[in-house]
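Asker: Provided below are the primary sequence and the corresponding predicted coordinates.
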Amino acid sequence: MTMETKILNIDKDNIDEDLIGQAADILKRGGIVAFPTETVYGLGANGLDEEAVKKIYKAKGRPSDNPLILHISSKEELSPLVKEIPHKAKACMERFWPGPLTLVFKKSDIIPDIITGGLDTVAIRMPDHPIAKKLISKSGLPIAAPSANLSGKPSPTKANHVIEDMMGKIDMILDGGDTGLGLESTVLDLSTEVPTILRPGGVTLEDLKVIIPNVIQDSSITNKQDTPKSPGQKYRHYAPKADMLLFVGDIDKVVEEINKRTKDLRESGRKVGIMATEETRNKYKDGKILVVGSREDKETIAHNLFHILRSFDEAEVDIILAEGVSPDNIGMAIMNRMVKAANGNIIRL
Ligand code: TXA
Ligand code: MG
């Protein structure tokens, strides 16, 4: 089944009210609109309309036990959606909203089961992007929005990525240019005794510790054997079509090993992609070499990662050899996505 997908260009610094109005009308009528946020593009629908939300799962090909995040445009929109707002949540909202932090609350009765995958909690965030904010406030609805990629593919950071995955499947795409951060929001569970990060993201463990000193990370984030508490974390994700190997450790050894393997793989007839950094770019000779950013500025790596993964697919490489980064600050979220893209294939040097 295909449908007509309208693409509207919107300048985030000078928003055309009429265009946002068209998009908000589609949401109010139970349709699906993709829109930019400061993290990645989202696939939005009325979060209180079960039929509308079903269309999101269908367009993405998403397993129905993987719950969705509700997006709001002001803090006042939170209380009808949750049972209670714990003290720690208020402190986090004060410091990090609007922004890339999703909070998990005990849900109120108005939240349909299809949003939560049957859980008694609901994930909510207030995005920090002028188009997202305006669209949500114009619709007057909590907007359910997963990343606007096909399930399992890297999340979209450019409108073109959304067009690639969603053309003919949704009503509208708002093209507001590249997203900022480039990785999804941090998911923090405040519904349990110990505040727990379920997915690392733009707001880091280090940032959160300042506000909630006893915050921990779900053990599955750093230990592959443990079962994730967040349903979405158990799937192979952010995955390019090619195989991927992730190399971590001393950077000189990493470069040497990638060069050695590139030679062997090319001799056996495989097309090799190398995910390099600015500092190492010139140390590689063969293969399709793409620079993801600077080791000295991990924000650039976060911003470019998903686009680079998609670019390797376009180049039709068979295997990607990628340099890892140190897992501190935003590095934790970068490594979480890289490890998933590599399906856990890590080579430690
Ligand atoms: O940055 C973002 O968060 C983007 C933009 C569009 O806002 N959205 C996003 O949504 O990444 P999605 O659906 O791709 O990821 C939502 C994550 C999944 O890992 C899901 O399992 C988790 O949030 N999640 C949602 N509701 C939850 C809940 N009640 N308890 C635990 N985890 C939950
Ligand atoms: Mg996603």
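Answerer: Done, it's in. Ligands and ions are numbered 1, 2, ... in the order given.

Asker: for Phe105, grab phi and psi.
Answerer: phi -120, psi 160 (degrees, to the nearest 10).

Asker: same question, Leu245
Answerer: Backbone geometry at Leu245, expressed as degrees, to the nearest 10, gives phi -120, psi 130.

Asker: from Asn343, how far out is it?
Answerer: Separation of Leu245 from Asn343 (Cβ to Cβ, to the nearest Å): 10 Å. For the C-beta atoms, the positions are set from N, CA and C on the backbone; glycine is no exception.

Asker: out of the two, which sits in the busier spot?
Answerer: Leu245 (17 against 14; other Cβ atoms under 10 Å).

Asker: quick check: that one touching Glu323?
Answerer: No. Contact criterion Cβ atoms under 8 Å: Leu245 and Glu323 do not qualify, at 10.6 Å.

Asker: so, low pLDDT: which residues of this protein?
Answerer: 1, 225, 232-237 (pLDDT under 70).

Asker: hmm, try it at 50
Answerer: Within the chain, no range satisfies pLDDT under 50.

Asker: for it, what lies in contact range of ligand 1?
Answerer: Residues of the chain found near ligand 1 (Cβ under 6 Å from any ligand atom) are 37, 39-40, 42, 66-69, 100, 102, 104, 116, 119, 121-123, 127, 145-147, 184-185, 187, 198-199, 230-233.

Asker: just the helices in this structure please.
Answerer: 17-28, 50-60, 87-96, 113-116, 130-139, 159-166, 205-211, 251-267, 298-314, 330-341 (DSSP state H).

Asker: I'd like these as JSON lines, with mean neighbour count appended.
Answerer: Shown next, in JSON lines, are the helices of the chain (neighbours: other Cβ atoms under 10 Å):
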{"stretch": "helix 17-28", "mean neighbour count": "17"}
{"stretch": "helix 50-60", "mean neighbour count": "18"}
{"stretch": "helix 87-96", "mean neighbour count": "16"}
{"stretch": "helix 113-116", "mean neighbour count": "19"}
{"stretch": "helix 130-139", "mean neighbour count": "22"}
{"stretch": "helix 159-166", "mean neighbour count": "21"}
{"stretch": "helix 205-211", "mean neighbour count": "15"}
{"stretch": "helix 251-267", "mean neighbour count": "16"}
{"stretch": "helix 298-314", "mean neighbour count": "21"}
{"stretch": "helix 330-341", "mean neighbour count": "23"}
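
Asker: start to end distance for stretch 2-18?
Answerer: This stretch, stretch 2-18, spans 26 Å end to end (Cα to Cα, to the nearest Å).

Asker: in that stretch, what's buried?
Answerer: Within stretch 2-18, the residues scored as buried using 16 or more other Cβ atoms under 10 Å are 5, 8, 10, 15.

Asker: ditto for stretch 119-131
Answerer: So, applying 16+ other Cβ under 10 Å, buried residues of stretch 119-131: 119, 121-131.

Asker: before we move on, what about stretch 139-152?
Answerer: For stretch 139-152, the neighbour count (16+ other Cβ under 10 Å) marks 139, 141-151 as buried.

Asker: distance from the chain centre to that stretch, please.
Answerer: Chain-centre distance of stretch 139-152: 11 Å, with Cα atoms, centre = their mean, to the nearest Å.

Asker: endpoints of it, how far apart?
Answerer: 29 Å.

Asker: what's the answer for stretch 319-330, then?
Answerer: End to end - Cα to Cα - stretch 319-330 spans 26 Å.

Asker: what does stretch 291-299 give?
Answerer: 14 Å.

Asker: and stretch 140-148, by the same measure?
Answerer: Terminal residues of stretch 140-148 lie 21 Å apart, using Cα to Cα.

Asker: contacting residues around that stretch?
Answerer: Here stretch 140-148 makes contact (Cβ atoms under 8 Å, 6 or more residues apart in numbering) with 27-28, 34-35, 37, 40-48, 52-53, 56, 60, 62, 68-72, 77, 81, 115, 124, 135-136, 155-156, 161-162, 165-166, 184.

Asker: Asp250 and Asn259, how far apart?
Answerer: In terms of Cβ to Cβ, Asp250 sits 14 Å off from Asn259.

Asker: of all the helices of the chain, which lies closest to Met172?
Answerer: When these are compared for distance to Met172 using Cβ to Cβ, the nearest one is helix 17-28, at 5.6 Å.

Asker: what lies in contact with that closest one?
Answerer: Against helix 17-28 from outside (Cβ under 8 Å, 6+ apart): 8, 10, 32-33, 35, 44-46, 52, 131, 134-135, 138-141, 143, 171-172, 174.

Asker: so Ile216 sits right up against Val194, yeah?
Answerer: Yes. Contact criterion Cβ under 8 Å: Ile216 and Val194 qualify, at 5.9 Å.

Asker: so if I had to pick from the two, which one is more boxed in?
Answerer: Ile216 (14 against 10).
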